[in-house]
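Student: My questions are about this predicted structure, shown below with the sequence.
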Amino acid sequence: MTTLDVTAVLSSVVAQAKGDTSVLTEAAEKGGFFGTVVAVSNAIVEGWLAFLDWFGGVFEPVAKPVFLPVNRFLATVYQPWAQIFALALFVGTMVWVCFFIKPEMLNSGRENRALWTDLRLWTIVSMVPHLFVYIYFM
């Protein structure tokens, strides 16, 4: 499949999303395959944002009265406490899984007793990236 074939396929996708393939054709001519990928990505993002606007407009009358008291309460709370609480939840979950749940209950049905099949290890491995993200954005 050549770049021209890929451009033709992607232009049909953008034509359905935007109704106009001239933007894609210009991008493909100027930037080759990368320009085509950028044009398709932009069309996908614009479509997703349009969907979110529609979705918010449909459900705002229902969601706003429900969440308004919560939003008012949280506006008065010191915001770093939310980050501290989130970090405490992640660390607390890791401590709880590693030290307080019986290994027999956590790993029941595990045939291979190797370390890499222990769910306590995978709990830590899966939660550490979340901690890094929270700490980075503090």
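Tutor: Received, thanks.

Student: Look up how far residue 103 lies from residue 97.
Tutor: 10 Å (CB to CB, to the nearest Å). To be clear about C-beta, it is placed using only N, CA and C from the backbone, and glycine gets the same treatment.

Student: Mind listing the shared neighbours of those two?
Tutor: When contacts are counted by CB atoms under 8 Å, 6 or more residues apart in numbering, residue 97 and residue 103 are jointly contacted by residue 120.

Student: tell me which element the residue most central in space within the chain falls in.
Tutor: Nearest to the centroid of the C-alpha atoms of the chain, with distances taken as CA atoms, centre = their mean, sits residue 130, at 12.1 Å. According to DSSP states H and E, residue 130 maps onto helix 119-136.

Student: going on from the one helix or strand residue 45 maps to, what's the next piece of helix or strand?
Tutor: Per DSSP H and E: residue 45 is located in helix 22-75. Next along the chain after helix 22-75, taking DSSP H and E as the criterion, comes helix 80-95.

Student: just checking, what packs against that next one?
Tutor: helix 119-136 (3 or more CB pairs under 8 Å, 6 or more residues apart in numbering; DSSP states H and E).

Student: angle of the helix it packs on against helix 80-95?
Tutor: 160 degrees (axes from the mean of the first three to the mean of the last three CA atoms, to 10 degrees).
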